[in-house]
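**Q** Got a predicted structure here, sequence first:
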Amino acid sequence: MKNEDLGWNSFFEKTFEPYRNEGYQVGRVSLEHKHMYRVQTEVGEALAEVSGKMRHLAFRREDYPAVGDWVVLSIRGEEQRATIHAVLPRKSKFSRKVAGQVTEEQIVASNVDTVFLFTALNLDFNVRRIERYMVLAWESGANPVIVLSKADLCEDPEALAAEVAAVAVGVPIHIISSAENRGLDALAAYISPGQTVALLGSSGVGKSTLVNRIYGKDILDTGDIRSGDDKGKHTTTHRELITLPGGGILIDTPGMRELQLWDVSEGLSTSFQDIEELAQMCYFQDCKHENEPKCAVNQALDEGTLALERFHNYLKLQKELAYLARKEDKGLQAAEKAKWKKLRQSLKSQPNR
């Protein structure tokens, strides 16, 4: 397999040039194990680990490889093993805050061209969750596409699609049903040689089923949705990069019901551009959209041209982002102190010259 089949292009070629001159090779991370990585290269698949030097210089989670990354390698072909020396700059990355109390970035997928944002047309349908996914997708640098799956379980898919269109202006929306083979051809148009598509959404929305349909055979486990609440079972337990026989790359991801924001100020502005444009029309520049006179946002709410639920979700995401920024500042200060402490210890351990 050539690197171009894995998504290699002039962007990565330019950044890899200094390493090539030193005799290194390149590969793309297809699977992340605990402390180990599966990488795809032009000479085949290899099991790789991070070099000691790279581990020593890594201070944050994002300094380590993620699925979709292009990495600098020294390959031991006879062993099908490799050592990762560096991660090439990322063209795009879809990130979220790690679950729990730790303020840290988790890269879900990197170097993605298109993001399929899945939502099932059943009892789990939630426009507010779609808005949250849109914020992260716009921030990632990839092109978002909304996929409304399981249309066979919905009486009026077009009505729900219209609700989504109202909050995702200009974003392609596709209604599909893998069970009825509906709408799959339209999605295939986004998948071409060298292009990477990431599939994101809650459990049970049909991501793995779609991968199997596009691939042409069942390569991933799939699970039925639960009766009663229409929520899915976790059939995908890890992120995985899959190269397709006909060309193109898919990154399947585990279901993410908890999707916490991470550094998405631009994504928030893009996703809620209608509200931010209204805010610019307010009489007072520092309008809080509460009881101020001549407030364009409140006028839109009164007239019904802006949905109250959408505005409340915008405020909620703003507060969440501000809280995250405060926590991250404290975390960065602590990380900087730890970094310099580590460097001082390293210098002390070196012999005098």
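**A** Nice, I can see it.
**Q** Using the three-state scheme, assign the nearest residue to Ser178 once chain neighbours are set aside.
**A** Once flanking residues are discounted, Ser178 sits nearest to Thr209: 4.6 Å by C-beta to C-beta, 6 or more residues apart in numbering. No exception for glycine: its C-beta is placed from N, CA and C like everyone else's. At Thr209 the chain is in helix, as set by DSSP: H, G, I helix; E, B strand; the rest coil.
**Q** quick one: Thr209 and Asn181 touch, right?
**A** No. Taking contacts as C-beta atoms under 8 Å, Thr209 lies outside contact range of Asn181: 11.2 Å.
**Q** neighbour count winner among these two?
**A** Thr209 (20 against 10; other C-beta atoms under 10 Å).
**Q** count of neighbours near Val71?
**A** Val71: 25 surrounding residues under other C-beta under 10 Å.
**Q** check contacts around it.
**A** 26-29, 37, 39, 48, 65, 84-88 (C-beta atoms under 8 Å, 6 or more residues apart in numbering).
**Q** Okay, it and Val29: tell me how far apart.
**A** Using C-beta to C-beta, to the nearest Å, one obtains 6 Å as the distance from Val71 to Val29.
**Q** Quick check: neighbours shared by those two?
**A** Looking at what touches both Val71 and Val29 (by C-beta under 8 Å, 6+ apart), the common residues are 37, 39, 65.
**Q** Quick check: pLDDT value at the first one.
**A** So the one you mean is Tyr37. The per-residue pLDDT reported for Tyr37 equals 96.
**Q** Also the last one?
**A** The predicted structure scores Pro65 at 94 on the pLDDT scale.
**Q** Torsion angles phi and psi at it?
**A** phi -60, psi 150 (degrees, to the nearest 10).
**Q** ok, now the first one?
**A** Torsion angles at Tyr37 (phi, psi; degrees, to the nearest 10) stand at phi -140, psi 140.
**Q** can I assume it is in contact with Leu31?
**A** Yes. Using C-beta under 8 Å, Tyr37 is in contact with Leu31, at 6.9 Å.
**Q** Who has more neighbours out of these two?
**A** Between Tyr37 and Leu31, counted using other C-beta under 10 Å, Tyr37 has the larger neighbour count: 23 against 17.
**Q** Now do the contacts for the more buried one.
**A** Contacts of Tyr37 by C-beta under 8 Å, 6+ apart are 29, 31, 47-50, 65, 71, 84.
**Q** same check, this time on Val50
**A** 35, 37, 58, 64-65, 83-84.
**Q** could you flag which of the residues you listed are buried?
**A** 37, 64-65, 83-84 (16 or more other C-beta atoms under 10 Å).
**Q** right, and the pair among the residues you listed with maximum separation?
**A** Tyr64 and Thr83 (13.8 Å; C-beta to C-beta).
**Q** With just CA atoms, put stretch 57-71 into CSV.
**A** Backbone C-alpha positions of stretch 57-71 (Å, rounded to 0.1, in the frame of the first residue of the first chain) are rendered in CSV as follows:
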residue,chain,number,x,y,z
LEU,A,57,9.9,15.3,26.1
ALA,A,58,6.1,14.6,26.1
PHE,A,59,4.3,16.7,28.8
ARG,A,60,0.7,16.5,27.7
ARG,A,61,-1.6,13.8,26.3
GLU,A,62,-1.7,15.5,22.9
ASP,A,63,2.1,15.1,22.6
TYR,A,64,1.5,11.3,22.1
PRO,A,65,0.2,9.7,18.9
ALA,A,66,-3.5,9.4,18.2
VAL,A,67,-5.4,7.4,15.6
GLY,A,68,-5.0,9.1,12.3
ASP,A,69,-1.6,10.6,13.1
TRP,A,70,1.3,10.4,10.7
VAL,A,71,4.4,9.4,12.7
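**Q** List the buried residues for that stretch?
**A** Buried residues in stretch 57-71 (16+ other C-beta under 10 Å): 62, 64-71.
**Q** so how far is that stretch from its chain's centroid?
**A** 15 Å (C-alpha atoms, centre = their mean, to the nearest Å).
**Q** Where does pLDDT dip in the protein?
**A** Flagging of the chain using pLDDT under 70 yields the residue ranges 96-105, 221-237, 255-267, 323-353.
**Q** need the strands for it, in chain order.
**A** Here the chain has its strands, by DSSP state E, at 25-32, 37-41, 44-50, 70-76, 81-87, 93-97, 105-110, 114-120, 143-149, 173-175, 196-201, 240-243, 249-252.
**Q** Output those in CSV; the columns should cover distance to Ala188.
**A** As requested, these are exported to CSV (distance: least, C-beta to C-beta, whole Å):
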stretch, distance to Ala188
strand 25-32, 21
strand 37-41, 22
strand 44-50, 26
strand 70-76, 25
strand 81-87, 31
strand 93-97, 21
strand 105-110, 20
strand 114-120, 12
strand 143-149, 12
strand 173-175, 11
strand 196-201, 10
strand 240-243, 15
strand 249-252, 11
